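>>> Sequence and predicted structure below; questions after.
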Amino acid sequence: MNLLADPEVEVVVPEGTTPEAGCLVELVRAIRNHGDVDMSVARLVTDAGIVIEAGVHLWRDLDLRGYGAGGNRDDPRWAPGRDVDGAVLAPYAVRRRLELPVTQDPMELALQVQALGRRVVCPAAAWARRTGADAPPLGRLAAATAERFPEVVASREPAGTAAGWLGPRPAGARVLVCDRWLPRPDHYAGEKRAADLLAALRALGCAVTLVSMSGLRRQPYTEDYEAMGVEVFAPGLERVGPGEMLDRLARDRSNLYDLVIVPWPELFAACHDAVRRCFPRATLAYDVHDLHHLRLAQQGALTGDVSDEEVERYRRLELDAARRCDVAFVVNADEGRALSEMAPGCRVELVPVVHEVAEDRGLAGRSGLLFVGGFGHPPNADAVLWFADEVLPLIQVEVPAVLTVVGPDAPARVTALHGDAIDVTGHLVDLERAYDSARVFVAPLRFGAGVKGKNVHALARGLPLVTTTTGAAGIRLTSGVDAFVENEPATFAHAVVRLLTDDVLWSVMASAGREVARRDHSMAALTMALGKVLGEAQRSR
């Protein structure tokens, strides 16, 4: 379909501006792809590459500010797509069904859109040029226009405050989420955790900024987050430390955020001072995916390939983070208690791992065993190798079952298992298809911490689970009722064989597992936990 001939969207190019390649398509796409967006505006620069406006911000005193005005086009601060208040000189697009005169003043049009509760956005890839040496100042919103939209104007910030925020005060809090890189929810459970937090924050009405410390805008993930309404701050290939990255972000939005969330003990240590300096009134949350030192201690005791010094280094990092944060988010209640014992006075909140329960797929068409895991995480390789050596041969004495191993970054010793009995597939984007075609999910983890997202996923998809005590940690399971929890090769194999051969048992366990996921691991449970923290963060600010 030719987007520029789109019957739903009309595009306006003011005199004296020249859209760059793809600009108008991006304006139309921003409206077509987002049901709550009714207007999109381009970024405008001079022929010399100086920014005139990358969206316009309206202050409560009616002053208009071109975001990025006077800066260099290549400055990464102007790169992310964002919600804006409108445009003055730049090309724009508007949804036709509004039946508004699109050739009127674009700021007035933008205020009409926002008065209807709809969004105005400035997409990242929509650039245009204005010919001539200088651009006229943006000036002020006409008083007569402001009088027509008193509620919109009243919701704007006082002049000169929160310079980096564009648009009205959100219904929820302003939240900054830091991560080592742009989370890929289809690769690792920890990265899905980050994506779930972002979705829950947006569902709570928060204005959310995601900072990728790698600086890379990985696709399609950037586009996915921006479609969710998350601002992605990933300023390019130049590598800087987390402190400098946050300093860059704070140039235009010092002390803006109500809540800052930082995962991973090393990243928390690197970000702490900059967060306190740049956003001193924010509540600082440490998101504990798992207690690394506990997992590493188990690994060292089992395999001997982790030193006591490494365990102690992580224990100190996690202890320091617990002492210095305002609140620690944990996924495992037992680890929350351990953290409280390590750092008395540390406030701990259970913020669960989530997987929404799928409709019952039944037993028809299912076969074989499934294991899922990213192999950049050492427990997963160990689990597959142990299962292949100790458990699968016992199963195959009774049933000729095939194990499918799914996950990125498999090491050579795992890929070497590929054959008639074990199918090592590598990374799959569509994990649901794998879960829905398997008969039994196996998670033979011998060390680890936190909550195993793969196991919650299996329960939510109605795929009966056989795991170990380590794999069951943090999940309220009753062995033999809603999953099998077995640590010895013989009993693990026996549980798998029962699920492969007993259709009635399979159906009972599938249903019980789904109830566990529904009870403890729903998006509603996650948003409830976050809502409590957000409310307190806004009040304390």
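That came through fine. Residues are numbered from 1 along each chain as shown.
>>> And the pLDDT at Leu256?
We have a pLDDT of 84 for Leu256.
>>> how much space between it and Val175?
Leu256 is 10 Å from Val175, where distance means C-beta to C-beta, to the nearest Å. All C-beta atoms are positioned from the backbone trio N, CA, C, and that covers glycine.
>>> what about the two, which has more around it?
Higher neighbour count among Leu256 and Val175: Val175, with 28 against 22, using other C-beta atoms under 10 Å.
>>> Neighbouring strands of the helix or strand the more buried one falls within in the sheet, and parallel or not?
If you go by DSSP states H and E, Val175 is part of strand 174-179. Take DSSP bridges as the rule and strand 174-179 pairs in its sheet with strand 207-212 (parallel), strand 259-263 (parallel).
>>> Let me know the next secondary structure element after it.
For strand 174-179, the following helix or strand on the C-terminal side (DSSP H and E) is helix 189-203.
>>> Report the inter-axis angle for that next one versus strand 174-179.
Calculated by axes from the mean of the first three to the mean of the last three C-alpha atoms, to 10 degrees, helix 189-203 forms an angle of 170 degrees with strand 174-179.
>>> Does anything pack onto helix 189-203? Which helices or strands?
Counting contacts by 3 or more C-beta pairs under 8 Å, 6 or more residues apart in numbering; DSSP states H and E, helix 189-203 packs against strand 174-179, strand 207-212, helix 221-228, strand 259-263, strand 283-288, helix 453-460, helix 523-540.
>>> For that helix, the averaged confidence score.
90.
>>> between the strands paired with strand 174-179, which one is nearest to Glu244?
Smallest distance to Glu244 across the strands paired with strand 174-179 (C-beta to C-beta): 11.6 Å, for strand 207-212.
>>> how much does that closest one deviate in direction from helix 221-228?
Computed by the same axes, to 10 degrees, the angle separating strand 207-212 from helix 221-228 equals 170 degrees.
>>> low-scoring stretches of the chain, by residue?
Scanning the chain with the threshold set as pLDDT under 70 gives 1-6, 76-77, 98-103, 133-136, 160-171, 236-238, 541.
>>> Of all residues in it, which one is nearest the centre?
Nearest to the geometric centre of the chain sits Ala195, at 2.1 Å (C-alpha atoms, centre = their mean).
>>> How much space separates that one from Ile31?
Distance from Ala195 to Ile31, by C-beta to C-beta: 24 Å.
>>> just to revisit the earlier point, ok, and what's touching the strand holding Val175?
With C-beta atoms under 8 Å, 6 or more residues apart in numbering as the contact definition, strand 174-179 has outside contacts at 165, 194, 197-198, 201, 206-213, 242, 246, 249, 256-263, 267, 271, 279, 282, 534.
>>> One more: stretch 7-20?
For stretch 7-20, the external contacting residues (C-beta under 8 Å, 6+ apart) are 3-4, 24, 27-28, 31-32, 42, 44, 89-97, 102-103, 106, 126-132.
>>> Can you give me the buried ones in it?
9-14, 17, 19 (16 or more other C-beta atoms under 10 Å).
>>> again with stretch 299-311
When burial is assessed from 16+ other C-beta under 10 Å, stretch 299-311 yields the following buried residues: 299-300, 306, 310-311.
>>> ok now that stretch, how far from the chain's centre?
The gap between the average C-alpha position of stretch 299-311 and the chain average comes to 31 Å, counting by C-alpha atoms, centre = their mean, to the nearest Å.
>>> end-to-end on that stretch?
For stretch 299-311, the separation between the terminal residues is 10 Å (C-alpha to C-alpha, to the nearest Å).
>>> now swap in stretch 176-183 and tell me
With C-alpha to C-alpha as the measure, stretch 176-183 spans 14 Å from end to end.
>>> show me what contacts Arg461?
Going by C-beta under 8 Å, 6+ apart, Arg461 touches 355, 358, 361, 432, 435-436.
>>> make it 10 Å
By C-beta atoms under 10 Å, 6 or more residues apart in numbering, Arg461 lies in contact with 355-361, 431-432, 434-436, 438, 441, 510, 513-514, 517.
>>> Mark which of those are buried, thanks.
Neighbour-count burial (16+ other C-beta under 10 Å) applied to these gives 355, 357-358, 361, 431, 434-436, 438, 441, 510, 513-514, 517.
>>> circling back: among the buried residues of stretch 299-311, which lie within strands?
Using DSSP state E, no member of those falls in strands.
>>> I'd like those residues written out as a markdown table, with distance to Phe484 added.
A markdown table is the format used below for the buried residues of stretch 299-311 (distance: C-beta to C-beta, whole Å):
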| residue | distance to Phe484 |
| --- | --- |
| Gln299 | 24 |
| Gly300 | 28 |
| Val306 | 29 |
| Glu310 | 33 |
| Val311 | 31 |
